[in-house]
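K.L.:
sequence unknown, structure follows:
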């Protein structure tokens, strides 16, 4: 069982399945979420995630053109989940909210074209200037 939650503990989640992939994302939205860095997101099957607690939804259109739902804890403000309307079977969980963030390893870096000049990009990982092909 993979578990995690927000800073204050008001939102908790668990997954009964292993992650599909983990990506470092340099899109502008993720830079906001990650305080200027790349956000690390872990992809799971939506049907295998159980979420307890109230979240708020920030709806936006991503650089890819996908309509996104980005959910966060209304009490502490921690961003937890991203979901694209075009892929409702997938949910991306922010790696920093995992109880054990050491259990994941990034598999790719995406949206490198949006990264600032000072960004540290791991060249040992596959990189994509924009949105890569969909997972699962």
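P.N.:
Perfect, I can see it now. Note that the coordinates shown come from a computational prediction; the quantities given were computed from them, not determined experimentally. Numbering: from 1, shown residues only.
K.L.:
May I ask which helix or strand encompasses the most far-flung residue of the chain relative to its centre?
P.N.:
The C-alpha centroid of the chain is most remote from residue 117, which lies 22.5 Å away (Cα atoms, centre = their mean). Assessed by DSSP states H and E, residue 117 sits outside every helix and strand.
K.L.:
quick one: it and residue 13, what's the gap?
P.N.:
35 Å (Cβ to Cβ, to the nearest Å). For every residue, glycine as well, the C-beta is placed using N, CA and C.
K.L.:
Just the helices from this protein, written as ranges.
P.N.:
Per DSSP state H, the chain carries helices over the ranges 28-33.
K.L.:
List the residues that contact residue 71.
P.N.:
For residue 71, the contacting residues are 55-58, 79-83, by Cβ atoms under 8 Å, 6 or more residues apart in numbering.
K.L.:
What's opposite it in the beta bridge?
P.N.:
Beta bridges link residue 71 to residue 57, residue 81, judged by DSSP bridges.
K.L.:
which one is the spatially most central residue of the chain nearest to, not counting chain neighbours?
P.N.:
By Cα atoms, centre = their mean, the chain has its centre lying nearest to residue 41, at 3.0 Å. Among residues not flanking residue 41 along the chain, residue 92 sits closest, at 4.1 Å (Cβ to Cβ, 6 or more residues apart in numbering).
K.L.:
got a list of what that neighbour touches?
P.N.:
Residue 92 is in contact with 41-44, 81-83, counting by Cβ under 8 Å, 6+ apart.
K.L.:
Kindly recompute the last result at 6 Å.
P.N.:
41, 43, 82 (Cβ atoms under 6 Å, 6 or more residues apart in numbering).
K.L.:
Could you dump these into a markdown table and include pLDDT and distance to residue 110?
P.N.:
As requested, those are arranged in a markdown table below (pLDDT from 0 to 100; distance: Cβ to Cβ, whole Å):
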| residue | pLDDT | distance to residue 110 |
| --- | --- | --- |
| 41 | 96 | 9 |
| 43 | 96 | 12 |
| 82 | 95 | 13 |
